[in-house]
Structures are given as structure tokens and as C-alpha cells.
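>>> The sequence isn't on hand, but the structure is:
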Ligand code: OOG
Ligand code: NI
């Protein structure tokens, strides 16, 4: 039981996401420009749809609409990942899902640290997509040993951060003053370092093996490489980026625009080439940091996800389109095979839904009359309403697209080795949570609650 004088983990997460946003806007001014554009487009969407605006207002989320929903980092060792797990746990963020990116030619595997329960998600869904470098995918023995040696020599956490993590675990929480101190110390881990820990030749050798390896190995810490606010109209933001001096990646990742949005659509601006000082005072540059936007839709069941993967694969078999409009048209054609109305999505069990009482349902519940136990009949009768549960996780094909467009365009072939969730979990020190289980539980709990309220 958390102590009364402790700050709630959700509030620590909010302090963290706000501090991170301030730091990143200072470090990467283009990101601030993107935030402004996102807020502007969100305002225009709401102005054009008063009903939607009303909804946001009532949910109390209007102020937080354009804030960050996620960020991403890449770490080099199991010890770093394990420590991050402890850091994020203090902010109510837990590892959900396993993502294998090696198949897409990126030598990492990943999870997303995020809040898992409904109340915490509503307060602040901020997540960190966290990737662990797979050194075993470096072919050259000497280079692999050198990378391991460089990583072994660094500590990405401040001494104070370690003290505060131990303290939080021993006490079962942090007071507000401790939490502020904790957030400030943890932020140091995500800061950009203009000075690389290696000389230019070592950097280049690692860069030649894979640009991502150089990014993870050559710096003092796992700089935050992007943050991602939520947009209500990703197509418009993508279109308008060039007019504010931002260069968007070629394609929006994920499903096409639909009446009933599903999963996750994302796009980013391409990473900036930034000056770096290498050991021995050699000047050079490094390309890693960018800005991204996301628009989320309904979480899909395993059946719905299988259909999504099948259609996405089918669309990828057609010749790749270089311009987004042609790509979106092609996607839309293929995705005509995915039902696009809530009734069908629910009846065919393709998506997850949350059940709630309608006004009539509430009156009946108060009246204490017993209803029949069948959810569908109660929906027909107007006593229960089903609303889509929002997808809170990530998509490996989209993530690979985001990675790739930010590695300076160089594509890498798929690695021969494949997913290794067991090795990832061993590095992490615990199993990752199964995302489908979380959505199913949200759906089942809501169903149980409404049926109970109706005496069914
Ligand atoms: C992570 C890329 C994946 C997303 O939104 O899918 C990601 C990275 O570049 O480190 O953030
Ligand atoms: Ni991202």
C-alpha cells in the first residue's frame, strides 16, 4: 500500500514527461516547431468538429491533447536495460510486448515501458519505446569485442539516480521532493552529449557495421532520440510539415485513414545531422534525433491483428510507392477487406471494446430491475454502449520504418538470426506483459461491471 506522503507514480511520470519535453525542445528546436504545428492542426480539427471538442472538454483531456505520448531510447547492455526497468517502475511504467526488429535489418529488440491500468493510462499514457542492441549480430569478432568493451566502461546513470532508485524501492515510493530530485537525476540519462566517447575512426568502424550500433555505443548515454505528440489529423500534419521548414519521412506508417481508426498511424521528420566532437578533438557529425507524431485507433484482437498483418503484407507485395498519396491509395484499396464499422468489428471480434451504461441503462440500474445477461441484447435494447478501446502499443513493421528513415536512408538486409524473446527477458530481468491480455481484461472487466450494475 503506497504511503500517503508519497507522490503517486502517475504524477512522477507526468513530471518526467514534462521535463523531458522541455529538455528536448531546447535540444532540438525543430521538435518545438513540430509541436506547434500539431497543436495548430488539432485546434483546426476541433473547431471544425464541435461535438468532438465537447467530448474532449468533458473528458478533461483538452489541455493535454497535443502533449507527448511517447519517446524512444536505445541501450547497449543488459545491465542498462535492467536498471531502466527499475527506474520506469517508479513512474508506473512496465514492459509491455516484445518487438523483434532484426527481421527488418535493425540489430535490436525492444519493449515499451508504459502504464498498464486504465486509470493510469487516462492520467498520462506516456511510454518509452526501449531497444536493446544485439551485439551478437555484429559479425566481425574484433569489432564486437571492442563495442562490448566501450559499453562496459560507461555508466549511463548518475550516482544520485541510483541512490534514489534504491530509496524508492526500500520505502515503497518517493515523497514529492524526492520525486523531483529523482526526475532531475534520471533526465541526465536521456540528455544529448556532443562529445563522443570514442575517436572518429572507431565511430566510423561501428557506423560501417550499422549506423545504429554507432549511435548506441559511442556516446555517454542513450540520448532520447525522439518524442511523439498526438495529432488528430496525421495526413494534414504530414502535408504541412514542409511549409514550416520540416522534412517529413516519405510515408505515413501503419493502416490507412479509415472511418473507424485502428491501431496506430505514425510519421516523423528525418533525423538531423548534428555536430559531434570525437575523442582527440576531431570534429564530425552524427544523425540520430528526430520528431514524430502519432494517431491512435482501436486495439485489435489476435484475430483482428492477424487480418491487419495479412493485409499489410499484401500491400507490401505491390511495388513500393515513393509518394505518400499513392501509398495511402494503395493501402486503402487493400484495406477495403477490413470491416470499417463498429458493429461489424465487434460482431466479428476483430477489435476490443469497453462497455458502459447508457442513460437508459443507468436509470434501469437505479430502478433495480434485473435484465437478461446477454450483452448484445442489452446493446440492442439501448441499455449498454460499446466504445472502442484505444491501442496503446507499437507495430514492429512501422517501428522498423521509423528506425530506417532515421538512419540516413541506408537500408540493411534482414539478419539471419531471429526473434529471441527469452534472451531479451533475461536481460530485462522479468517477462514482458502480453498486450492482448491487457486489452482483453479491460474489455472483460467493463462487461462484468455493466452486467452487475444491471443485475444481469
Ligand atoms: C524507435 C523507433 C520505434 C515507434 O514509434 O514505432 C518507435 C527508435 O528509433 O529508437 O519509436
Ligand atoms: Ni516512436
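Great, that's in hand. Quick caveat: nothing in here was measured; it's all calculated off a predicted structure. Ligands and ions are numbered 1, 2, ... in the order given.
>>> contacting residues around the lowest-mean-pLDDT helix or strand in the chain?
Taking mean pLDDT, DSSP states H and E as the measure, the helix or strand of the chain with the lowest value is helix 50-58, at a mean of 85. Under the contact criterion CB atoms under 8 Å, 6 or more residues apart in numbering, helix 50-58 has outside partners 45, 46, 47, 62, 65, 232. Yep, even glycine has a C-beta here, placed from its N, CA and C like the rest.
>>> run the last query once more with 10 Å
Contact partners of helix 50-58, identified using CB atoms under 10 Å, 6 or more residues apart in numbering, comprise 42, 43, 45, 46, 47, 49, 61, 62, 63, 64, 65, 232.
>>> Pull the distance from the next helix-or-strand element following that helix to the chain's centre.
Next in sequence after helix 50-58, counting helices and strands by DSSP states H and E, comes strand 68-75. When distances are taken as CA atoms, centre = their mean, to the nearest Å, strand 68-75 is centred 7 Å away from the chain's centroid.
>>> list the helices and strands strand 68-75 packs on?
Counting contacts by 3 or more CB pairs under 10 Å, 6 or more residues apart in numbering; DSSP states H and E, strand 68-75 is packed against helix 9-27, helix 78-90, strand 108-114, strand 127-133, helix 211-217, strand 226-229, strand 291-296, helix 396-405.
>>> what about 8 Å?
Helices and strands touching strand 68-75, by 3 or more CB pairs under 8 Å, 6 or more residues apart in numbering; DSSP states H and E, are helix 9-27, strand 108-114, strand 127-133, helix 211-217, strand 226-229, strand 291-296.
>>> Mind giving me the packing neighbours of the longest one?
Going back to what we said before, that points to helix 9-27. helix 29-48, strand 68-75, helix 118-123, helix 176-189, strand 226-229.
>>> Not counting its neighbours along the chain, what's nearest the most centrally placed residue in the chain?
What sits nearest the mean C-alpha location of the chain, by CA atoms, centre = their mean, is residue 70, with 4.7 Å. Using CB to CB, 6 or more residues apart in numbering and skipping residues adjacent in sequence, the residue nearest residue 70 is residue 127, 4.3 Å away.
>>> what's the neighbour count on that neighbour?
For residue 127, the neighbour count with other CB atoms under 10 Å is 26.
>>> Contacts only, for it.
Applying CB under 8 Å, 6+ apart to residue 127 gives the contacts 69, 70, 71, 93, 112, 113, 114, 115, 392.
>>> Compute the distance between it and residue 443, please.
21 Å (CB to CB, to the nearest Å).
>>> Next: residue 55.
Look at residue 55 and residue 443: by CB to CB, they are 21 Å apart.
>>> now swap in residue 360 and tell me
Distance from residue 360 to residue 443, by CB to CB: 22 Å.
>>> Look at those two and report which has more neighbours.
Neighbour count, other CB under 10 Å: between residue 360 and residue 443, residue 443 has more, with 19 against 13.
>>> Spit out the contact partners of residue 49.
Residues in contact with residue 49 (CB under 8 Å, 6+ apart): none are found.
>>> Buried residues, whichever strand or helix holds residue 334. List them.
Using DSSP H and E, residue 334 maps to helix 324-334. Buried residues in helix 324-334, counted by 16 or more other CB atoms under 10 Å: 324, 327, 328, 330, 331, 334.
>>> of the helices and strands packed on strand 68-75, which approaches residue 151 most closely?
The closest of these to residue 151 is helix 211-217. By CB to CB, the value is 6.1 Å.
>>> now the helices: where do they sit in the stretch 251-400 of the chain?
All helices of the stretch 251-400 of the chain, identified by DSSP state H, counting those that start in this stretch, fall at 302-317, 324-334, 342-347, 359-367, 375-380, 396-405.
>>> CSV for those helices, including mean pLDDT and distance to residue 205?
Below are the helices of the stretch 251-400 of the chain laid out as CSV (pLDDT from 0 to 100; distance: least, CB to CB, whole Å):
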stretch, mean pLDDT, distance to residue 205
helix 302-317, 95, 33
helix 324-334, 93, 36
helix 342-347, 96, 50
helix 359-367, 91, 66
helix 375-380, 92, 60
helix 396-405, 90, 21
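>>> Just say which of those is most tucked in.
helix 396-405 (a mean of 20; mean count of other CB atoms under 10 Å).
>>> Enumerate the residues of the chain near ligand 2.
Neighbours of ligand 2 within the chain, by CB under 5 Å from the ion: 72, 228, 292.
>>> residues touching the second one, list them.
Translated: residue 228. Applying CB under 8 Å, 6+ apart, the residues contacting residue 228 are 68, 69, 70, 71, 266, 291, 292, 293, 294.
>>> Now for the last one, how many residues are close by?
The number of residues packed near residue 294 is 21, by other CB under 10 Å.
>>> now the buried residues of helix 324-334 as CSV including distance to residue 5?
As requested, these are exported to CSV (distance: CB to CB, whole Å):
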residue, distance to residue 5
324, 51
327, 53
328, 52
330, 57
331, 52
334, 55
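>>> Out of the residues you listed, which is nearest to ligand 2?
Of all the buried residues of helix 324-334, ligand 2 sits closest to residue 324, with 17.8 Å by CB to the ion.
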